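Peer 1: return a 3D structure for these sequence lines:
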Amino acid sequence: MIMNINEALKKYFGYDSFRGGQQKLISSILDGNDVLGIMPTGAGKSICFQLPAILHEGITLVVSPLISLMKDQVGALNQSGIAAAYINSTLSPRQLETALYNAENGKYKLIYVAPERLLTPEFLALAKSIKISMLTVDEAHCISQWGQDFRPSYAQIPQFIDQLEQRPIVSAFTATATNRIREDIISLLSLQNPTVLVTGFDRQNLYFKVQAPKNKIQALLDFLSEHKNQSGIVYCTTRKTVEDVTVKLNRLGFSAAGYHAGMPDDERHINQDDFLYDRVQIMVATNAFGMGIDKSNVAFVVHYNMPKDIESYYQEAGRAGRDGSEAVCLLLYSGQDVRTNQWIIEHSKDVSNLDSETERFLKERDYQRLREMTFYSTTNDCLRAFILRYFGENPSSYCGRCSNCDTKFETVDITEDAQKILSCVIRMRERFGVTLLIDVLRGSKSERIRELGLDMLPTYGISEKSVHTLRTIIEFLVQENYLKKTDGRYAVLRLAPKAKEVLNGKVTLEMKLAKEKKQTSRDSYDAKLNGSKSVPLGRETLFTRLKAVRYEIATEQRVPAFVVFSDSSLVNMCVRLPRTPSQFLMVSGVGETKLQRYGERFLKEIADFCEEEND
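Peer 2: Numbers count the residues shown, from 1 in each chain. Below is the predicted model:
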């Protein structure tokens, strides 16, 4: 090797030290071992395979699921002086021919390829004619049927490896994987005695918040007003919701663009580029947007609708704060979100062409995940702890960095309320769902209740609790296995075996209920977002000027601004005020190639600022 890993890290990526877990995985790869890295979004997975690719002889193939991911990472590598290319459906025949020719002649260190391309005759011919030192599987959870983004095309990866004359090192990486999915990845990819590293799933810079507002659009507007001039993503479940929310935001003066799979390709790509290049601040999108999007300055992610599982939620929320800056993840929950997801499960195209047994298995899996996601959305316990426990960790029950930990709760004896609820379920013959149950408990005079004769039940009108409180207690009883919900679009409540203990008075039930909801002010949000990585007082103007220089360069180079430098690098420039090339090289994220390409322009802007301000 020409240089050691620390020298390569600084030369190509501009960092002085590794993040947790990176050095172990890189060293293991360089020793010739297969690896599996489970690292949360923003933990620096890419460097774990990019750096060994630079130091190894031969080429590293990176199997990647989405075109946007390839484009961003290849662009960033080329900006850092590392020759890379991608091969996917966006290339014209002439471009594909050029890419294959350059690869065969050793021009590239990394080639990103879509899994669908692996077994094509032209790519197989290339693979057999070059030295492949490593094959990296990014978003490796896609190979498992238990993964939230299962892709049948990933099954081609082992077949491709088997056809190579010499087996390369195989490395696999993902951000979210339960124990079952990890076992699947190792087995299905046939990893040989791999080094397995789980760095932990906690993203300490993210603030988690759940609301159940009566008016979602107003709640969103209030939130966005507190985050003016910041970049963020708003996820919606359906295409129609994306379109409605985008129109409303733009009418009210927000800078927003929409993204969903039903849009014409040109419009979708333009909107994505406008967001990546900071021409619009807010991307309103379905989950078709985001995997592999490496935009570093996303300050918030709002889920306008509850997603279908915690894996999807945590991966999407994790697109905020990728550069380590403080960011907010808000989920706006409603019961309708559950019903929408149930409909999606029942009508999923992913299972429509499978045999009945596999289809049943996948639907049961999806319903179980939806239940866990609903529990997260309705729990009064620490949100961060809930997520981390889901992924197999044993966190503290208090994080101090989520809306539940910031809300004043009191522990309440709910035994009597639970007995009323369970008794009413029995009287209703376990035939109805949550909404009708609450209406009976509260004595609703609706026509449907009279038609069904439910106003004649002894449990009719026996509760004075609010709808919200009753719904919260019911969800608690489901979560604690005193009640169970049937699967399907119209979920029905039934008693679970443990319910007898409550009805017979053998157990006392307690749960946390909100005593006083803390209205988070704009000042408290600003405090959360102005952490240790903030611009020093008095240098905000310099930060704006450096962003302008970055934008000019990005426009010239036709790359997103964050590919030139991340916001955190610009902040570090404001802190250090480098005046010489050697000082500029000390800025986090500045390597030798970027110093040569951009150093002069940034140093001039900093020098002009210092002279003007006498700093």
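Peer 1: give me the helices and strands touching the helix or strand where V302 lies, please.
Peer 2: Secondary structure assignment for V302, by DSSP states H and E: strand 298-303. Contact partners of strand 298-303 among helices and strands, from 3 or more C-beta pairs under 8 Å, 6 or more residues apart in numbering; DSSP states H and E: helix 216-225, strand 231-235, helix 310-317, strand 327-332. Heads up, the C-betas are built off the backbone N, CA and C, glycines and all.
Peer 1: next, the angle from the third one to strand 231-235.
Peer 2: By that I understand helix 310-317. Relative orientation of helix 310-317 with respect to strand 231-235: 150 degrees, computed using axes from the mean of the first three to the mean of the last three C-alpha atoms, to 10 degrees.
Peer 1: how far off strand 327-332 does helix 310-317 point, in degrees?
Peer 2: An angle of 130 degrees separates the directions of helix 310-317 and strand 327-332 when computed by the same axes, to 10 degrees.
Peer 1: list the buried residues of helix 310-317.
Peer 2: Residues 310-317 are the ones in helix 310-317 that count as buried (16 or more other C-beta atoms under 10 Å).
Peer 1: residue contacts, the nearest residue to A257 once chain neighbours are set aside?
Peer 2: Taking C-beta to C-beta, 6 or more residues apart in numbering, and ignoring the residues beside it in sequence, A257 has N271 as its nearest neighbour in space, at 4.0 Å. For N271, the residues meeting the contact criterion (C-beta atoms under 8 Å, 6 or more residues apart in numbering) are 257-259, 263, 280, 283.
Peer 1: among those, which lie within strands?
Peer 2: Where the contacts of N271 overlap with strands, as defined by DSSP state E, the overlap consists of 257-259, 283.
Peer 1: chain center to stretch 210-219, what's the gap?
Peer 2: Between the mean C-alpha point of stretch 210-219 and the mean C-alpha point of its chain there is a distance of 21 Å (C-alpha atoms, centre = their mean, to the nearest Å).
Peer 1: just the endpoints, please. Distance across that stretch?
Peer 2: According to C-alpha to C-alpha, to the nearest Å, stretch 210-219 extends 11 Å from its N-terminal end residue to its C-terminal end residue.
Peer 1: now that stretch: buried residues?
Peer 2: Residues of stretch 210-219 classed as buried: 210-212, 216, 219 (neighbour count, 16+ other C-beta under 10 Å).
Peer 1: and the furthest pair within those?
Peer 2: V210 and K216 (12.7 Å; C-beta to C-beta).
Peer 1: low-confidence ranges, the chain, go.
Peer 2: Residues of the chain meeting the criterion pLDDT under 70: 1-2, 147-148, 290-294, 349-354, 488-489, 515-533, 615.
Peer 1: what domains does the record give for it?
Peer 2: Domain assignment of the chain by automatic domain parsing yields the ranges 5-198, 206-390, 418-507, 535-613.
Peer 1: which among the ones you listed is found nearest to T411?
Peer 2: For the domains of the chain, proximity to T411 was assessed by C-beta to C-beta; domain 206-390 is nearest, at 9.9 Å.
Peer 1: can you point out the buried residues in stretch 392-412?
Peer 2: By 16+ other C-beta under 10 Å, the buried positions in stretch 392-412 come out as 395, 399, 401-407.
Peer 1: and stretch 128-135, by the same measure?
Peer 2: Of all the residues in stretch 128-135, those buried under the rule 16+ other C-beta under 10 Å are 130, 132-135.
Peer 1: closest one to L437 out of these, please.
Peer 2: Distances from the buried residues of stretch 128-135 to L437 were compared by C-beta to C-beta; the smallest belongs to L135, at 53.7 Å.
Peer 1: for the closest one, which residues make a bridge with it?
Peer 2: Listed by DSSP bridges, the beta-bridge partners for L135 are L61, V170.
Peer 1: that one reaches V170, doesn't it?
Peer 2: Yes - the pair formed by L135 and V170 meets the contact definition of C-beta atoms under 8 Å, at 5.3 Å.
Peer 1: find residues that contact each of the two.
Peer 2: Joint contacts of L135 and V170 (C-beta under 8 Å, 6+ apart) are I161.
Peer 1: distance check, F300 against Y112.
Peer 2: 29 Å (C-beta to C-beta, to the nearest Å).
Peer 1: hang on, I meant D184
Peer 2: Distance from D184 to Y112, counting by C-beta to C-beta: 23 Å.
Peer 1: more neighbours: those two, which one.
Peer 2: Between D184 and Y112, counted using other C-beta atoms under 10 Å, the more crowded position is Y112 (25 against 20).
Peer 1: circling back: tabulate the buried residues of stretch 128-135 (CSV), appending distance to R442.
Peer 2: Conversion of these to CSV gives the following (distance: C-beta to C-beta, whole Å):
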residue, distance to R442
I130, 70
I132, 66
S133, 67
M134, 62
L135, 60
